[in-house]
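Enquirer: sequence below, structure please.
(one chain, ligands or ions: 1)
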Amino acid sequence: MSDPITDQRLLYIHDQLSDEDIQREVDLYGPLTDSVRQLIAATLQTEVGEPDVRRAKALVEEAAAILQERAIPGPYGVRWGASGWKRGWGNAADGVRNAVAPPLTIQTDPDGRTWTDFHLGPQYEGPAGLTHGGVSALILDQVLGDCAVAAGSPGMTGTLTLRYRKPTPLGDLHAEARFDRMDGVKAIVKGHIADAAGICVEAEGIFILPRWAREAAAASTAG
Ligand SMILES: CCCCCCCCCCCCCC(=O)SCCNC(=O)CCNC(=O)[C@H](O)C(C)(C)COP(=O)(O)OP(=O)(O)OC[C@H]1O[C@@H](n2cnc3c(N)ncnc32)[C@H](O)[C@@H]1OP(=O)(O)O
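Expert: Down below sits the predicted model:
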């Protein structure tokens with residue numbers, strides 16, 4: 001039987017790709033992912049006739065078959081190249097190869113604040129015309145998690161508390177986070193999503209490096 005911690009560790013991969021090779025992959029797969037993202041929105045919004053829907057379905061299936069001819073068997077994981085360039089390309093919030101990701105481009109200011117301006121299309125709808133609350137949670141989890149990383153305390157989300165203050169529209173939005181404090185091994189980070197009129201969702205996250213990773217880090221420092 002597989003052990004989830006071992007399985008997770010195996011997906012942190014140092015493959016030593018050069019920056020040039022990684023950039024080539026960004027240039028190749030980034031546009032493919034954008035095309036699939038367009039396809040997702042088009043699938044939702046199309047009003048063409050039945051023959052065109054059937055033709056589109058066959059073309060999509062053909063494209064999927066081409067891509068599946070050679071493919072990894074499971075998740076992408078997190079990979080590092082020779083220079084340390086980190087690729088979480090399967091990440092559901094900001095993965096370069098994940099068409100489900102909005103995607104977010106998260107910036108970090110010199111003072112440690114993380115932020116992103118992003119656009120949510122119709123595929124992220126919950127209540128009519130508004131952002132799905134779970135999508136807001138996805139975005140805040142990532143922006144707050146990256147803020148913990150920037151503060152030098154990377155970790156898994158232990159607890160994420162949200163307060164939905166007013167409905168979040170679809171369209172152009174902003175999210176940001178600031179490191180608040182450490183409480184033992186727990187990094188506490190606060191943030192929000194806002195539209196042009198102000199804050200829609202507030203969040204507080206507790207990020208914890210799992211025990212196995214803390215023990216590995218302590219062992220490498222001791223060694
Ligand atoms: C591996 C590296 C990961 C790096 C990721 C960077 C990605 C960045 C982007 C990320 C964005 C996306 C991110 C995602 O999507 S992360 C995906 C969603 N999160 C998960 O799946 C996490 C699942 N849970 C776990 O893995 C473990 O339970 C964790 C790691 C959370 C703690 O397990 P661990 O065995 O280490 O805990 P411990 O028993 O030694 O306790 C230690 C302390 O923590 C306190 N405590 C325990 N649990 C919780 C809790 N749930 N809330 C609040 N506090 C909690 C506990 O009381 C104690 O406090 P104190 O008594 O000392 O005061």
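Enquirer: surely Trp115 and His174 touch.
Expert: Yes - at 6.9 Å, Trp115 counts as touching His174 under the criterion of C-beta atoms under 8 Å. Quick note: C-beta positions are derived from backbone N, CA and C, even for glycine.
Enquirer: near the ligand, which residues of this structure are found?
Expert: Within the chain, the positions near the ligand by C-beta under 6 Å from any ligand atom are 141-142, 145-146, 149, 154-159, 184-186, 206, 208-211, 213.
Enquirer: show me how to select, in PyMOL, the buried members of the residues you listed.
Expert: Typed into PyMOL, the line below selects the buried ones among the residues of the chain next to the ligand, using 16 or more other C-beta atoms under 10 Å:
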select buried, resi 141+142+145+146+149+155+157+186+206+208+209+213
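Enquirer: what's the pLDDT at the residue lying farthest from the centre of the chain?
Expert: Using C-alpha atoms, centre = their mean, the residue of the chain lying farthest from its centre is Pro51. It sits 35.8 Å away. Each residue has a pLDDT score; the one for Pro51 is 98.
Enquirer: what is the least confident helix or strand in the chain?
Expert: Lowest by mean pLDDT, DSSP states H and E among the helices and strands of the chain is helix 4-10, with a mean of 76.
Enquirer: now that one: buried residues?
Expert: By 16+ other C-beta under 10 Å, the buried positions in helix 4-10 come out as Gln8.
Enquirer: could you point out which element follows it?
Expert: On the C-terminal side of helix 4-10, the nearest following helix or strand under DSSP states H and E is strand 12-14.
Enquirer: name the next helix or strand downstream of the longest helix anywhere in the chain, please.
Expert: The longest helix of the chain (DSSP state H) is helix 19-45. As assigned by DSSP H and E, the chain's next helix or strand after helix 19-45 is helix 50-68.
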